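Based on what follows, work out the 3D shape:
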Amino acid sequence: MRFGSLLLTLVAAAGWGAIVTADPHPDGIVGPVPLTRDAKRSDFVVLAEAADVSAMTGFCDASSPDWRGWMPIYLARALGPERPIILTNLMPLKDRAGRCRLCYSGSKAEINDWFDCEEWMKTQEQDYAKFLIIVGTGSSIHGSSRLQPADYPNMLTTLTQPWVNPSKTNAWHFPITRRPEVDQNMVFHKAVKKFRVMRDGDWIKPVEREGLSEWIDWCLQQPKRNELLYVARYHGWKGQLDFMRHANPKLLKGYTIHFYTSTSVNRKDGATYPEQLEEIAKKRGIDVVVNFKSKSREFVANHSCHAKGLLHFARIDANPRVVTESIINGLQVFVSKQARVPSAIKAKRFVKVTSNKDDGVNENLNADLKEFMEMLDKPENHASLVTFAKEHLDPPRAYHKLCRQIGICAMPEEL
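Purely as a prediction, here's the structure:
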């Protein structure tokens, strides 16, 4: 192996995230693409999970529509077969601590054939990692109000690995956290000199879907009903109750809001969150359908194609996938700026941005909602949505842009 092999460390941690530099290659990442000088000198890529929760096992998983499953696969395609990706886990997660496996660039990611990382590393002529990509921050982040690096053990585990050179390694951190001090790089910037943060709202997270362009066209042709969707887990910070308490019922007259969740709710638990939604809707005269059980992604996608808009009035969020997914399903979007949706999306004519800073108390909420409701039947908005979805939400193109941002794929001037 050549000196200075590229090591890409991907850390998945508890919690659920730049700089747009150029338009992507017309064809996106469908195979090996032009690489930067550092990437060309690399012989392999290592993605390391520092996860202590089983939910983070979906990296390099082609069965998932989420970016966690597909970003490693697209990076593997960009690097080509001569630069294999090795996926490992640095945390004591059952029997996988210190174990590695291959992540392939094909349509299906292999998940078996674990081997010993330490023994494998002994065979490599590698002095330090040129690139370190960290996704997540560690589960303890949710229970701590301090800003000391020691409060984030998963991060420290990654930043103190022997392949990390504190002065030479290029570290990119995808925080996926609601903690502003991490987003603002106030915690780990001293651990690695070249430590940069890729915030949730700084890049577009594509959603994998076969036949994306055809799906978008099919959705556009479906008859639309006066329905709005609110797709989010039933938690206070997702903003469903805030919206129902403060939205003007007159603006919603003639429309039905359908609430969907990714986790089912047990009615036996007492006054549950969705039951509160039903109670408020009844008192305020707002037509709603509240789903207590989760529905499949395809079920919600098909419903979206027959609805008109998405509501996401979150108090705080991390660039939720539902916004991107709803756009490719043909929905115009009403979203709070606290959801941290990328500026490239917020600036579009089919998106209306509002604010949920104080638990829904916003004097401009209903003015914003009125404007959004008036947007829903404008054909020019639908045309803009389709163009944007096809040009910017196509996964190969979106991941190629990200690949350039982190310095693996080459910019035109570097060729």
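
which of the residues in the helix or strand that contains T387 are buried?
Assigned by DSSP states H and E, T387 belongs to helix 379-392. Buried residues in helix 379-392, counting neighbours by 16 or more other C-beta atoms under 10 Å, are found at N381, H382, S384, L385, V386, F388, A389, H392. The C-beta positions use only the backbone N, C-alpha and C, and glycine is treated the same way.

Repeat that for stretch 68-84.
68-79, 83-84.

Now those residues in a markdown table, please, with extra columns for distance to T169.
Output for those, formatted as a markdown table (distance: C-beta to C-beta, whole Å):
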| residue | distance to T169 |
| --- | --- |
| R68 | 22 |
| G69 | 26 |
| W70 | 25 |
| M71 | 20 |
| P72 | 19 |
| I73 | 24 |
| Y74 | 22 |
| L75 | 17 |
| A76 | 21 |
| R77 | 24 |
| A78 | 20 |
| L79 | 18 |
| R83 | 18 |
| P84 | 20 |
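
out of those residues, which are inside strands?
Among the buried residues of stretch 68-84, no member falls in strands (criterion: DSSP state E).

Could you identify the pair within those residues that is furthest apart?
Largest separation among these by C-beta to C-beta: R68 and R83, giving 20.7 Å.

coming back round to it: please narrow the buried residues of stretch 68-84 to those residing in helices.
Per DSSP state H, helices hold the following members of the buried residues of stretch 68-84: R68, G69, W70, M71, P72, I73, Y74, L75, A76, R77, A78, L79.

Out of these, the closest to K346 would be?
For those, the closest approach to K346 (C-beta to C-beta) belongs to M71, at 22.3 Å.

Identify the residue nearest the closest one in space, chain neighbours excluded?
Y399 (6.3 Å; C-beta to C-beta, 6 or more residues apart in numbering).

in a helix, that's where the one you found is, yeah?
Yes. Assessed by DSSP: H, G, I helix; E, B strand; the rest coil, Y399 belongs to a helix.

correct me, but it touches W70?
Yes. Counting by C-beta atoms under 8 Å, W70 is a contact partner of Y399 at 7.3 Å.

list the residues that contact both of those two?
P206 (C-beta atoms under 8 Å, 6 or more residues apart in numbering).

Can you show me the strands along the chain?
45-49, 85-89, 99-103, 115-116, 131-135, 170-174, 194-197, 227-231, 256-260, 287-290, 309-312, 332-336, 351-354.

want to try a markdown table for these, with distance to P206 as columns?
Putting the strands of the chain into a markdown table (distance: least, C-beta to C-beta, whole Å) gives the following:
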| stretch | distance to P206 |
| --- | --- |
| strand 45-49 | 18 |
| strand 85-89 | 19 |
| strand 99-103 | 18 |
| strand 115-116 | 31 |
| strand 131-135 | 15 |
| strand 170-174 | 14 |
| strand 194-197 | 20 |
| strand 227-231 | 17 |
| strand 256-260 | 21 |
| strand 287-290 | 29 |
| strand 309-312 | 17 |
| strand 332-336 | 16 |
| strand 351-354 | 17 |
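
Out of those, which gets nearest to L365?
It's strand 351-354; of these, that one is closest to L365 (C-beta to C-beta) at 5.8 Å.

Other residues contacting the closest one?
If you take C-beta under 8 Å, 6+ apart as the criterion, strand 351-354 is touched by 313, 332-337, 341, 345-346, 362, 364-365, 368-369, 371-372, 375.

Show the average pLDDT along that strand.
Summarised as a single mean, pLDDT over strand 351-354 is 98.

So which residue is smack in the middle of this structure?
K205 (5.0 Å; C-alpha atoms, centre = their mean).

correct me, but that one touches A318?
No. Look at K205 against A318 with C-beta under 8 Å: they stay out of range, at 9.7 Å.

about what we covered before: so what does the helix holding T387 touch, helix or strand wise?
helix 212-221, helix 321-328 (3 or more C-beta pairs under 8 Å, 6 or more residues apart in numbering; DSSP states H and E).

Alpha carbons of that helix, as PDB, please.
Output in PDB follows, covering the C-alpha atoms of helix 379-392 (Å, rounded to 0.1, in the frame of the first residue of the first chain):
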ATOM      1  CA  PRO A 379     -48.900  26.000 -11.400                       C
ATOM      2  CA  GLU A 380     -45.700  27.900 -11.600                       C
ATOM      3  CA  ASN A 381     -44.800  26.600  -8.200                       C
ATOM      4  CA  HIS A 382     -45.300  23.000  -9.300                       C
ATOM      5  CA  ALA A 383     -43.100  23.600 -12.300                       C
ATOM      6  CA  SER A 384     -40.400  25.000 -10.100                       C
ATOM      7  CA  LEU A 385     -40.700  22.100  -7.700                       C
ATOM      8  CA  VAL A 386     -40.300  19.500 -10.500                       C
ATOM      9  CA  THR A 387     -37.200  21.200 -12.000                       C
ATOM     10  CA  PHE A 388     -35.600  21.500  -8.600                       C
ATOM     11  CA  ALA A 389     -36.300  17.900  -7.600                       C
ATOM     12  CA  LYS A 390     -34.900  16.500 -10.800                       C
ATOM     13  CA  GLU A 391     -31.800  18.700 -10.800                       C
ATOM     14  CA  HIS A 392     -30.800  18.800  -7.200                       C
END
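
by how many degrees do that helix and helix 321-328 diverge?
Inter-element angle recorded for helix 379-392 and helix 321-328: 110 degrees (by axes from the mean of the first three to the mean of the last three C-alpha atoms, to 10 degrees).

got the contact list for K370?
So K370 contacts N248, L251 (C-beta under 8 Å, 6+ apart).

Tell me the confidence at it?
Taking K370 on its own, its pLDDT is 98.

how's this structure carved up into domains?
37-202, 212-392 (automatic domain parsing).

Output those domains as TSV; include the columns distance to I408.
Shown next, in TSV, are these (distance: least, C-beta to C-beta, whole Å):
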stretch	distance to I408
domain 37-202	5
domain 212-392	20
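
With I406 as the reference, name the closest of those domains.
Judging those by C-beta to C-beta, what sits closest to I406 is domain 37-202, at 5.2 Å.

What's the end-to-end length of the closest one?
25 Å (C-alpha to C-alpha, to the nearest Å).

can you tell me the average pLDDT over that domain?
Mean predicted lDDT for domain 37-202 stands at 73.

quick revisit: filter the contacts of strand 351-354 down to the ones in helices?
Using DSSP H, the contacts of strand 351-354 in helices are I345, K346, L365, D368, L369, E371, F372, M375.

What is the nearest of those to C403?
Using C-beta to C-beta, the ones in helices among the contacts of strand 351-354 come closest to C403 at I345, 20.0 Å.
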